[in-house]
Structure formats: structure tokens, C-alpha cells
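Trainee: below are the sequence and a predicted model for it; my questions follow.
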Amino acid sequence: MRYTLHGARLVDATMDREQGTILVEDERIQAIEPTSNSAEYIIDASDTIIMPGFIEVHTHGGGGFNLHTTEVDEIRAYRHWIPTTGVTSFLIAVVGTPNAVPETQLRTAVAAIELETQPRRESGAEPVGIHLEGPYISLHKRGAHPPYWLRQPEPEETEHILSLTKGYLQLITVAPELPGAYAMIRRMVEAGVTVSIGHTDANYEQACESIKLGITHATHCFNAMRQLKHREPGPLAAIVQSKQVLGEIIGDGIHVHPAMIDMLVRLLGPEHTIVVTDALAGAGMTDATFEFAGQEAHVICGAARLNDGTLTGSVLTLDQALRNMLQFTQVSLADVSGMLSYNPARSAHVADRKGLLKVGYDADLVIYNKDLELQATICRGQVGYVTDQWRQRLNL
């Protein structure tokens, strides 16, 4: 299938063109501003903004679906739902299980990813790997992770996890102050896994040392980490000073005050910031009760909380996060595109084919109207989501 999206404003982390045209052939972007309209379909997109599809590297679910699951069909259902929020690629988040490595959940995630290699795959967002958030995290900064999920890093267990995940582990969150953590960080970096500092009570010196070992990512900055103080700077100062670490921020304005979101983006720079949702199954739902890895959670006033009132993951979606970041900060739309698409592609090891509007890249696209309302999501050339208003235009 060949089709042209004609006359749209084209925005990604590297450009903002007032008017341009994208030629899509099968799963790829064939040309930007082609000289001839040789496509089978020409679609008038002159009243729209087209950006790369969003890449979600830290989400636990949404639409009523959990990613920490033992059911492949639940992950498949999620990948059909998530394009309604502009997401075209995601990491499958796995957390802890009581007193054991989450083997079944990791195997389920691998099986869901391997379905993508089969012929006649369905349209939907692509699971591009696994994010293991814990269980190697701090007891004192565990957030909504129960104590009986937590474990100490051990070399044998590290090798077991790498074997279980078959090369699909793209991101792991580790508290570097734990005994044995430095050895785990070295081994994961050696294996090509992005290591993230997070859920950590590390001091500034420990954080600096762990970054030297190869940490290049920081899990939800400010949340579940030792706080930034003028005499005890903690890990956040080390993250900001580093030139190699990409820092996540939950962009809902609830987990982090909008003024602090703006401050972090100014300190890190848009090129080192990743906007995430840390969403749970209740994302996209209102006043819902749902389950997070065996714990009951509730959507209350736009936030997700456990029964004891603990603030847990969010109910944010990335289409709303785009609008939030433009409201909370002084960045441009191109900067926000980088934080939602290109920067997460770097941490997920897919920046060679996703995250930009570039010839040869996957045709993962979001189409917004000029009021920044999502109209359609295209996942590797196929329509993953479309509004009624745009359905007739995208009759591919």
C-alpha cells in the first residue's frame, strides 16, 4: 500500500516545517516532500500537524489492561487500545512478584513480543521490548511496590533474567546503593540493556559512581528517590550534571508540580528529557477500580491511589501529556516531540528506525488538528486509531 499525506505541518525533534508531504509505502516512510504524487491514495492533511508516533517506555497498562500479566492476550488487547492515545511503540513493564523473580510475567512479555515476528500480524502499537522496574529497588523508596516484591542483586539471578528475556530486555530500573548493584549494572550494560537509576535512596556520590558504570536513564525523576537538597544533593544533581543520562518525568502535574517539571526540563534540557505516564490499567478511565500486580487501586480526582491512599502510577495518557508539557514549560512543539518520541526511542534502542519523520523509518505517525486534538494514529503504515471525523479520509 502506498499513500501520501499531503500538505501537513511536519514536526519532530529535528524540524518544524510549516508545510510538507509524507509518502508511506507499506511499513516505512518512503519520502518526505516527494516531487511526485505517485501514491495510490493522496490524503489532504493540510489542516493538520503530523509528528512521529509516541513511544512509551514506562507504562504498566491502560484501558483496563495490565502489562504485568501472565496472559499474552491481555498485552495484545493493550496494544490495540494504546494507539487511541497516540502511542505506536511501548516497552512491556514487569514489576516484582512475592518473594521470587517474575518469571511467568517475563516469559509472557517475551511471547507477546515474538508474536510481532509472525506473518499477518495485526495492526496496533509495537511492543519493542521489556522494562523491568525492580525488584532490585530500595525498601525506603519503593513507592507502591510491596516489600515482599523486593530482592537483592545476585550475579546468578542477573544471568537468569538475561536468559529468560532472550535479548528483549531493553530497560531495567535499579537502586545502585544496594549490595551487588554495581556488578548488576556492569553486566546489564555489557549485555546492551539500558540501566536506569530509580526507586533509590542513593546519595550524590553513589549516584555519580553508578553513572560512571554506565547508567544512562533515570526513572521518574523526583518520585521515589532521595530529594534534592542544598547540602545533600542526592541522585538528581548527579543526573542533571551528567551528559549521558536521559531523565523521565511523569507529565501529569500531580506526581510532580508543574513548576518543578519546568525546572527539570530547563536543567536537563529537552534533549535529555523523556515524558512518561507510568500509567496503570486505569489510564483512560474515570472513577475506576482496577488491579496493579495484585493490589487494588482506584482513580480518584485524576490520580491512581492504593487502598491506603498511597499515590501509585498515573492515569495519564501521552496525548494529554503533550498538551500538558506545552502548558507547564517553555519548550517548543519540536522539543515535546523529542521528549515523547525520539528520546524514548534512544533508551529503548529503536532510534535507528523510530522517533523521527525520516526516510526509511517506520511509518509510525500521529495526526493532530490545529487545536492539538488527536485525529489518527498510524502504526507502521496501518491505521491504529482514527476519529469519526477522519475515518473517511483514512479509508486505506
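Mentor: Okay, I see it.

Trainee: show me where pLDDT drops low in the stretch 101-250 of the chain?
Mentor: For the stretch 101-250 of the chain, the stretches with pLDDT under 70 are 120-121.

Trainee: need the strands for it, in chain order.
Mentor: 126-133, 169-174, 194-197, 217-218, 246-250 (DSSP state E, counting those that start in this stretch).

Trainee: quick one: distance of the shortest one to the chain centre.
Mentor: It refers to strand 217-218. Distance, stretch centre to chain centre, for strand 217-218: 12 Å (CA atoms, centre = their mean, to the nearest Å).

Trainee: helices and strands around that strand, which ones?
Mentor: strand 194-197, strand 246-250 (3 or more CB pairs under 8 Å, 6 or more residues apart in numbering; DSSP states H and E). C-betas here are computed from N, CA, C, even on glycine.

Trainee: quick one: contacts of that strand?
Mentor: The contact list for strand 217-218 (CB atoms under 8 Å, 6 or more residues apart in numbering) reads 171, 194-198, 235, 239, 245-248, 274, 347.

Trainee: go with 6 Å
Mentor: 194, 196, 197, 239, 245, 246, 247, 347 (CB atoms under 6 Å, 6 or more residues apart in numbering).

Trainee: which residues touch the first one?
Mentor: For residue 194, the contacting residues are 171, 216, 217, 347, by CB under 6 Å, 6+ apart.

Trainee: and if you look at the third one?
Mentor: If a contact means CB under 6 Å, 6+ apart, then residue 197 has 176, 215, 218, 235 as its contacts.

Trainee: what bridges to it?
Mentor: residue 174, residue 218 (DSSP bridges).

Trainee: re earlier: save the strands of the stretch 101-250 of the chain as JSON lines, and put in distance to residue 339 too.
Mentor: JSON lines is the format used below for those (distance: least, CB to CB, whole Å):
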{"stretch": "strand 126-133", "distance to residue 339": "17"}
{"stretch": "strand 169-174", "distance to residue 339": "16"}
{"stretch": "strand 194-197", "distance to residue 339": "16"}
{"stretch": "strand 217-218", "distance to residue 339": "14"}
{"stretch": "strand 246-250", "distance to residue 339": "8"}
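
Trainee: any idea which of those strands gets closest to residue 352?
Mentor: strand 126-133 (11.7 Å; CB to CB).

Trainee: against which helices or strands is that closest one packed?
Mentor: When contacts are defined as 3 or more CB pairs under 6 Å, 6 or more residues apart in numbering; DSSP states H and E, strand 126-133 packs onto strand 87-94, helix 103-114, strand 169-174.

Trainee: would you mind finding the most buried of those?
Mentor: strand 87-94 (a mean of 29; mean count of other CB atoms under 10 Å).

Trainee: and it, average pLDDT?
Mentor: Averaging pLDDT along strand 87-94 yields 98.

Trainee: ok, now stretch 286-297?
Mentor: Per-residue scores along stretch 286-297 average to 78.

Trainee: same question, stretch 54-73
Mentor: 96.

Trainee: which residues touch it?
Mentor: So stretch 54-73 is contacted by 74, 77-78, 81, 86-87, 89-95, 104-105, 108, 111-112, 248, 276-281, 283-284, 293, 313, 318, 340-341, 344-345, 347-348 (CB under 6 Å, 6+ apart).

Trainee: can you give me the helices in the stretch 1-150 of the chain?
Mentor: 72-81, 103-114 (DSSP state H, counting those that start in this stretch).

Trainee: will you turn those helices into TSV that also has distance to residue 132?
Mentor: Compiled in TSV, these are given as follows (distance: least, CB to CB, whole Å):
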stretch	distance to residue 132
helix 72-81	15
helix 103-114	8
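
Trainee: which one of those helices lies closest to residue 327?
Mentor: helix 72-81 (25.4 Å).

Trainee: how about that closest one: buried residues?
Mentor: 72, 74, 75, 76, 77, 78, 79, 80, 81 (16 or more other CB atoms under 10 Å).

Trainee: closest to residue 229 among those?
Mentor: residue 78 (38.8 Å).

Trainee: nearest residue to that closest one in space, please, no chain neighbours.
Mentor: Spatial nearest neighbour of residue 78, excluding adjacent residues (CB to CB, 6 or more residues apart in numbering): residue 65 at 4.0 Å.

Trainee: measure the one you found to residue 394 for me?
Mentor: For residue 65, the distance to residue 394 equals 25 Å [CB to CB, to the nearest Å].

Trainee: which one of the two has more residues nearby?
Mentor: Legend: neighbour count by other CB atoms under 10 Å for residue 65 and residue 394, higher for residue 65 (23 against 19).

Trainee: returning to that earlier point: now tabulate the buried residues of helix 72-81 in TSV and tack on distance to residue 327.
Mentor: Shown next, in TSV, are these (distance: CB to CB, whole Å):
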residue	distance to residue 327
72	38
74	33
75	32
76	34
77	31
78	28
79	29
80	29
81	25
